[in-house]
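*Asks:* What shape does this take:
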Amino acid sequence: MPHIVLEKADSVKKCFDAIEPIMEKISNGILKITDKYINAQETSALLESIAIEGGKNQTFFIQLSSKGDAVTVRLLPVTDPEKTNGVKTLMGLVANKIKLSNSNISYGKTNLQDYIVTEI
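*Replies:* Alright, predicted model coming up:
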């Protein structure tokens with residue numbers, strides 16, 4: 001499952017607050033974060049996401065979850081989209097926006113290193 005661990009992230013809440021709606025045009029479509037939700041304990045957040053690539057539309061959630069002083073960016077398994085370049089790129093954009101919000105954050109374990117981009 002694709003994921004990016006953000007080491008030394010203070011909390012899911014701070015990561016959640018760093019994310020604003022995103023709309024990025026890519027060569028064959030559009031990537032969007034349309035809305036976001038956080039649980040009452042502020043330990044898990046969901047980002048409502050859309051990847052439109054080559055006319056194919058996928059709606060899914062990116063999840064932010066905490067473990068110790070790290071926050072993991074991953075796909076919510078229940079929505080399980082096809083892991084296209086657009087889906088992975090959107091996850092990388094989310095991780096990068098969170099990292100830019102706090103200079104103490106560093107990238108930990110990931111299988112998406114090629115998709116962590118600052119802009120498209």
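*Asks:* can you give me the helices for the chain?
*Replies:* 12-18, 85-100 (DSSP state H).
*Asks:* What mean pLDDT does the last one get?
*Replies:* Average pLDDT, helix 85-100: 96.
*Asks:* hmm, who's touching it?
*Replies:* For helix 85-100, the surrounding residues in contact (C-beta atoms under 8 Å, 6 or more residues apart in numbering) are 2, 4, 6, 9, 15, 18-20, 22, 24, 26, 29, 31-33, 47, 49, 51-53, 58, 60, 62, 64, 71, 73-75, 81, 105-107, 110, 112, 115-118, 120. Every C-beta, even on glycine, is put in place using the N, C-alpha and C of the backbone.
*Asks:* swap in stretch 69-81?
*Replies:* So stretch 69-81 is in contact with 1-12, 15, 46, 51, 58-66, 83, 87, 91, 94-95, 98, 108, going by C-beta under 8 Å, 6+ apart.
*Asks:* Report the buried residues of it.
*Replies:* Of the residues in stretch 69-81, those buried by neighbour count under the rule 16 or more other C-beta atoms under 10 Å are 70-76, 81.
*Asks:* hmm, back to that, from the contacts of helix 85-100, keep the buried residues only.
*Replies:* 2, 4, 6, 9, 15, 18-19, 24, 29, 31-33, 47, 49, 51-53, 58, 60, 62, 64, 71, 73-75, 81, 105, 110, 112, 115-116.
*Asks:* So which of these sit within strands?
*Replies:* With DSSP state E as the criterion, strands contain 4, 6, 24, 29, 31-33, 47, 49, 51-53, 58, 60, 62, 64, 71, 73-75, 110 from among the buried ones among the contacts of helix 85-100.
*Asks:* For Val5, report the pLDDT, please.
*Replies:* 97.
*Asks:* typo on my end, Asp80
*Replies:* At Asp80, pLDDT is 89.
*Asks:* Got phi/psi on it?
*Replies:* phi 30, psi 70 (degrees, to the nearest 10).
*Asks:* residues in contact with the closest residue to Gln113 other than its chain neighbours?
*Replies:* Counting by C-beta to C-beta, 6 or more residues apart in numbering, Gln113 lies nearest to Tyr107, which is 7.8 Å off, once chain neighbours are set aside. Neighbouring residues of Tyr107 by C-beta under 8 Å, 6+ apart: 4-7, 95, 99, 113, 116.
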